[in-house]
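>>> next come a sequence and a model predicted from it.
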Amino acid sequence: MFDFDATLPLMAVQFLLLAAILNVVFYKPLTKVIEDRSDYIRSNEADARERLAKAENLAKQYESELAETRRQYQATIVAAQADAQKIAAQKTAEAQQEAQSQREATQKELDQQKQAAMQTLEQQVESLSHEILDKLLAGV
């Protein structure tokens, strides 16, 4: 069935020679390109992970800074409200004190006018009493 003459070893040598040539010309450069591509992808993936980690860290940092800024402005608002309430209370107290002093001054003035009116009335009553008395005595 098979003839074992020189063609079989020659075919085997040709096959091995073709495999060696393909390995040198095609497979090794192709393997190198594939490995270079894999290295490139791995390095890009590592860079992407690193950048993502940096971005996440920056986002956390910005969020914490934003939260701190919010706390600060809320504290500032609370302080400003407290100052405004103190000022309002002080102004209210001053206004009440001024109103009280004006009330007291007005009351003093009214008391003085009342005293003056009473003295005038007493003088008029006294003079009318004297007139009435004089008329009664003159008529008797």
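Looks like it came in fine.

>>> element containing the residue nearest in space to the middle of the chain?
Geometric centre of the chain, nearest residue: residue 70, 2.9 Å, by Cα atoms, centre = their mean. Assigned by DSSP states H and E, residue 70 belongs to helix 28-139.

>>> rewinding a little: what's the pLDDT at the residue nearest to the centre of the chain?
What the model reports for residue 70 is a pLDDT of 96.

>>> for residue 82, see how far away it is.
From residue 70 across to residue 82, the span is 19 Å (Cβ to Cβ, to the nearest Å). C-beta coordinates here come from the backbone N, C-alpha and C atoms, glycine included.

>>> low-confidence stretches in the chain?
Applying pLDDT under 70 to the chain flags residues 1-4, 140.

>>> now with 90, please.
1-12, 23-24, 26-27, 29, 122-140 (pLDDT under 90).

>>> can you tell me the SS state at residue 5?
Put simply, residue 5 is coil when judged by DSSP: H, G, I helix; E, B strand; the rest coil.

>>> also the one 5 residues further on?
Taking three-state DSSP as the rule, one finds residue 10 in the helix state.

>>> where's it relative to residue 135, distance?
179 Å.

>>> what's the answer for residue 21, then?
Taking Cβ to Cβ, one finds residue 21 at 164 Å from residue 135.

>>> okay, now residue 95: neighbour count?
Using other Cβ atoms under 10 Å, residue 95 is surrounded by 10 other residues.

>>> and if you look at residue 72?
Residue 72 has 10 nearby residues by other Cβ under 10 Å.

>>> now residue 91
Neighbours of residue 91 (other Cβ under 10 Å): 10.

>>> any idea how far residue 84 is from it?
Distance from residue 91 to residue 84, by Cβ to Cβ: 10 Å.

>>> try residue 45
57 Å.

>>> same question for residue 112.
Distance from residue 112 to residue 84, by Cβ to Cβ: 41 Å.
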